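Asks: sequence below, structure please.
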Amino acid sequence: MAEAVALSMSMGSYLKNSSLQATECSRQEPSSSLRSKFLGCKLTASQASLQLPSIKHTRRQRPCVIQCSVVQQSQVQAPDSVFITPDGRRAECYGVFCTIYDLNEVEKPKSWKKLLRVAVSGAAGTISNHLLFKIASGEVFGPDQPIALNLLGSERSRNALEGVAMELEDSLYPLLRELNLGIDSYEVFRDADWALLIGAKPRGPGMERADLLDINGKIFAEQGKALNAVASENVKVLVVGNPCNTNALICMKNAPRIPKKNFHALTRLDENRAKCQLALKAGVFYDNVSNVTIWGNHSTTQVPDFVNAKIHGKPVTEVIKDKKWLEEEFTETVQKRGGALIKKWGRSSAASTAVSIADAMKSLVTPTREGDWFSSAVYTEGNPYGIDNDLIFSMPCRSKGDGDYEIVPDLQINEWLATRIKKSEEELISERSCVAHLIGQDNGYCDLTEDTRLPGEQ
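Replies: Got it, this is the predicted structure:
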């Protein structure tokens, strides 16, 4: 009998009442089976008597037999089927709550790497709905890298989260070996090698930037604590939820066990937008544009750098001689591209954001092309450009493809660039002061009077 046992669960009835029990095996479960389960569920106050127990989930011991039951108020449903586990124990399944797959270890190709665990918050949102399929298909980590996806949702998004899981299962990705769902970050982030923090509260009507910083800051402080407690010690963290630079700083400050270099905030979408505008203006295809940097904050103070950028290996200023266009129209177009898209389409840039997240990840696991670099908002400690040493600030980076990176030194910083970089730095310093209470600093105050967050982006 095959050793691997997998679970595919429907959470629809959980909104009524439910309980879940897991039994464990002392041996390592083969990674060749698709295991899908709901982790860390919490029930509402009216369901307190049926509180869901935690599922133990460690690298050395993983649940290999799951028993599911559905409780209809005071009446327990009879099991639809009974099966005997490989070690002789009796297990019951109820309706669609259990699907058992018998898979052999030989199905795992010998060339495959060790399983990589990717945790994603906001997993039921529109950005994730594009991104998760890229990761599961092998587009990000390659065709020989098996993936486990741990998906974090909220109480309100349980059904949507299950829907995402169903689509992933139905897509039959051979690299997707595990699919775990949950609403508890301490369960979902356990053993994560990558954490993609996408979920955040969008700005509401009349909400000031200071309020948004505080509300989302608390979310990322808690997620930082969870990562610190249960994630892999070298987990790579990419923050997408806005204001992403300062949220990444908050997360980092609350996760002292994780190397500070491992925290990134997403500015790759801004870089992609800048490359698009330069290519269109020059009449060339996108891959002829290189060495583009986004400096600073993911806000309207960001600085798309045309000074050091190249087209066909030549400085952009030699190919596009319209200096006024570069300094004014190009810069403003990139800064406000998200808002312009919303006006046209009526929705935020979910698909291109997902593409840019995949690009940002690939930049860290693929060696950077010789002479080129990519943009990522990273911790500024020891940076070569004189930026304040305690910010998450977008700068030019390059990687050997091992998940690590270095900041590219010696870029030309003319007066135009320096002035605008300074403005973005000052904004991030102000944001840091607003969230001092979340990063262990005293005497913080908030004097942000205008909202420079990119309009409509979540």
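Asks: quick one: low-confidence parts of the chain?
Replies: When residues are selected by pLDDT under 70, those of the chain lie in 1-108, 203-207, 209, 449-458.
Asks: for it, what's the longest helix?
Replies: Secondary structure assigned by DSSP state H gives helix 209-230 as the longest helix of the chain.
Asks: which SSE is immediately downstream of it?
Replies: Sequence order places strand 236-239 as the next helix or strand after helix 209-230, per DSSP states H and E.
Asks: mind giving me the packing neighbours of that next one?
Replies: Packing partners of strand 236-239 (3 or more CB pairs under 8 Å, 6 or more residues apart in numbering; DSSP states H and E): strand 194-197, helix 244-253, strand 263-265, helix 350-365. (C-beta placed from N, C-alpha, C; glycine too.)
Asks: centre-most residue in the protein?
Replies: residue 196 (1.6 Å; CA atoms, centre = their mean).
Asks: C-alpha coordinates for the strand or helix carrying residue 179, PDB please?
Replies: Secondary structure from DSSP H and E places residue 179 in strand 176-182. Coordinates of each C-alpha in strand 176-182 appear next as PDB, following Å, rounded to 0.1, in the frame of the first residue of the first chain:
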ATOM      1  CA  LEU A 176       2.400  21.500  -6.600                       C
ATOM      2  CA  ARG A 177       2.800  18.800  -4.000                       C
ATOM      3  CA  GLU A 178       1.000  20.500  -1.000                       C
ATOM      4  CA  LEU A 179      -1.700  23.000  -0.600                       C
ATOM      5  CA  ASN A 180      -2.500  24.200   2.900                       C
ATOM      6  CA  LEU A 181      -5.100  26.800   3.800                       C
ATOM      7  CA  GLY A 182      -5.600  28.800   7.000                       C
END
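Asks: how far off centre is that strand?
Replies: Taking CA atoms, centre = their mean, to the nearest Å, one finds the center of strand 176-182 at 15 Å from the center of the full chain.
Asks: please apply the same query to stretch 224-241.
Replies: With CA atoms, centre = their mean, you get 10 Å for stretch 224-241.
Asks: re the thing from before, quick one: list the elements packing against the strand holding residue 179.
Replies: Short answer (3+ CB pairs under 8 Å, 6+ apart): strand 176-182 packs on strand 35-39, strand 147-152, helix 158-170, helix 185-188.
Asks: tell me the bridge partners for the residue nearest to the centre of the chain.
Replies: Going by DSSP bridges, residue 196 is paired in beta bridges with residue 120, residue 238.
Asks: check contacts around it.
Replies: Going by CB atoms under 8 Å, 6 or more residues apart in numbering, residue 196 touches 118, 119, 120, 121, 131, 238, 240, 357.
Asks: what's the local residue count around the first one?
Replies: Going back to what we said before, that points to residue 118. Residue 118 has 23 neighbouring residues, counting by other CB atoms under 10 Å.
Asks: please apply the same query to the fifth one.
Replies: Around residue 131 sit 28 other residues, with neighbours defined as other CB under 10 Å.
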